[in-house]
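Curious how this folds, go ahead:
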Amino acid sequence: MSNQSTKGDLPYTGLILLSGIDTPGITEALFSTLAPFAVTVLDVEQVVIRERVILTVMISLNKAHASAIEADLEKCALSLGVDIATSFSQEPTVSIAAKTSLLHVVAMSSDFKPAALSAIAGALAEHGGNIERIFRTASYPLTAIEFVVSGVAQNIAQAALASISGSNRLDIAVQPGGLMRWAKKLVLMDMDSTLIQQEVIELLAQKAGVEEEVKIITQAAMRGEMDFEKALRARVLLLKGLDASVLELVRTEIVLTPGARTLLRTLARLGHTVGVVSGGFIEVIEPIMKELGIEYYAANSLEIAEGKLTGELIGPIIDRAAKARMLQEVATKIGVQMAQTIAIGDGANDLDMIAAAGLGIAFNAKPVVQAAADSSVTHPYLDSVLYLMGIAREDIEEADGQSLHA
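Predicted coordinates:
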């Protein structure tokens, strides 16, 4: 005996699509029209873009009532001055909420073009991905659009979208859905050219008159062409004899990356932990960490004797391996799984922690780092990381407004 359902066993459903100029009372009127009938709401979604509304409802109903419901909906449409289309059928239905293994694809751009959206949709469709839902999560300073996708594995979607990102000037992140997306997270980030706009060692080099020599070494190290520790020691040696009072002067010249405070403030509100691990110098960054309320941080330490830099370092070097270790150690200490960690950096020194994190983000990074990261941010706004995490701009601003009026 077969266990397969026949068409007669399937529920009779109706799809209702309302569109038109948005006015107060539209949603109430539609559902009031359906209320006298023995129907069950299976799925519903409403969106307003500028002054236009689109409201979609899936219902189950008695087949004998279909004509009467359709007639009443036509009257409702006339009274509201909107369009209402209906489709009744006896087919299997699965709501978005009932689907599993959904992916969240977040795309960001300062200038979204139709060709970019077409390319994303085409790449996903080519690999069996179906877009279940599209919505905007931010409109400035970047536009961020999130796609909820079914039917394709995360690694396949990432590979398919990688080439689209570069050719369409998009930043794209692919993350699994589910409850863990909103779980407590550890966000560990690099300092120089990530949390702040400058490279601290280059600021010190300016004071020592060796800026060009230091820049050449820095660039080679950032590209992965030179061992980090060797490059660091060579640069620090060029600072030999610099007065230690310059460290305080350099600290006053440091400028946070746009969006940095918004990122830190929002993550703190959500209960996430933020850490900073720097190949720079603890003497410069520590006061900044304390001012920002960042508890977990690490950096290299300069040797100072008789008020001057000796050109040497004290203690272990914060290299790429040390950064990855810190990610693991802090995650263990605060009870966060590695899958719930995020690492953000721009140079070769950040590669290991980016690889180890649940979500590795290359922030205005060198090509070798972009290629290794799960996602790449090429715009100069650090708070855009929040959009990759599924946090909407409107929610951020609402929380900021409530804080101001608290």
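
From what I see, residue 152 and residue 124 are in contact.
Yes: with contacts counted by C-beta atoms under 8 Å, residue 152 reaches residue 124, the gap being 6.3 Å. Just so you know, the C-beta spots here come from the backbone N, C-alpha and C atoms, and that holds for glycine as well.

Find the residues that touch each one of these two.
Here residue 152 and residue 124 have residue 160 as joint contacts, going by C-beta atoms under 8 Å, 6 or more residues apart in numbering.

Okay, and residue 312 sits in which element?
For residue 312, the host element (DSSP states H and E) is strand 308-314.

just checking, what packs against that strand?
helix 228-237, strand 296-305 (3 or more C-beta pairs under 8 Å, 6 or more residues apart in numbering; DSSP states H and E).

so after it, what's the next helix or strand?
helix 320-334.

Check which helix or strand the closest residue to residue 135 other than its chain neighbours maps to.
Among residues not flanking residue 135 along the chain, residue 146 sits closest, at 5.8 Å (C-beta to C-beta, 6 or more residues apart in numbering). Here residue 146 sits within strand 143-150, counting by DSSP H and E.

and that strand, how far from the chain's centre?
Taking C-alpha atoms, centre = their mean, to the nearest Å, the mean C-alpha location of strand 143-150 is offset from the chain mean by 11 Å.

Residue 343 versus the residue lying closest to residue 110 once chain neighbours are set aside, what's the distance?
Spatial nearest neighbour of residue 110, chain neighbours left out: residue 142 (5.5 Å); criterion: C-beta to C-beta, 6+ apart. Look at residue 142 and residue 343: by C-beta to C-beta, to the nearest Å, they are 21 Å apart.

and those two? which has more neighbours close in?
residue 343 (30 against 22; other C-beta atoms under 10 Å).

Confirm for me that that one is in contact with residue 189.
Yes: using C-beta under 8 Å, residue 343 makes contact with residue 189 at a distance of 7.3 Å.

follow-up on the earlier one: ok, of the helices and strands packed on strand 308-314, where does mean pLDDT dip lowest?
Mean pLDDT per stretch puts helix 228-237 lowest among the helices and strands packed on strand 308-314, at a mean of 94.

Run through the stretch 51-200 of the chain and note the low-pLDDT ranges.
92-100 (pLDDT under 70).

90 instead?
90-101, 111, 132-133, 139-141, 162-170, 175-184 (pLDDT under 90).

The stretch 201-350 of the chain now?
218-228, 348.

Now do the helix or strand harbouring residue 72: everything it contacts.
According to DSSP H and E, residue 72 maps onto helix 66-80. Helix 66-80 is contacted from outside by 12, 14, 16, 18, 20, 23, 25-26, 29-30, 33-34, 37, 39, 61, 83-84, 86, 88, using C-beta under 8 Å, 6+ apart.

mind running it again at 10 Å?
12, 14, 16, 18-21, 23, 25-26, 29-30, 32-34, 36-37, 39, 59, 61-62, 65, 82-89 (C-beta atoms under 10 Å, 6 or more residues apart in numbering).

Need the buried ones from those selected in PyMOL.
Buried members of those, defined by 16 or more other C-beta atoms under 10 Å, are picked up in PyMOL with:
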select buried, resi 12+14+16+18+20+26+30+33+34+39+59+61+65+82+84+86+88
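
Good, we can wrap up now.
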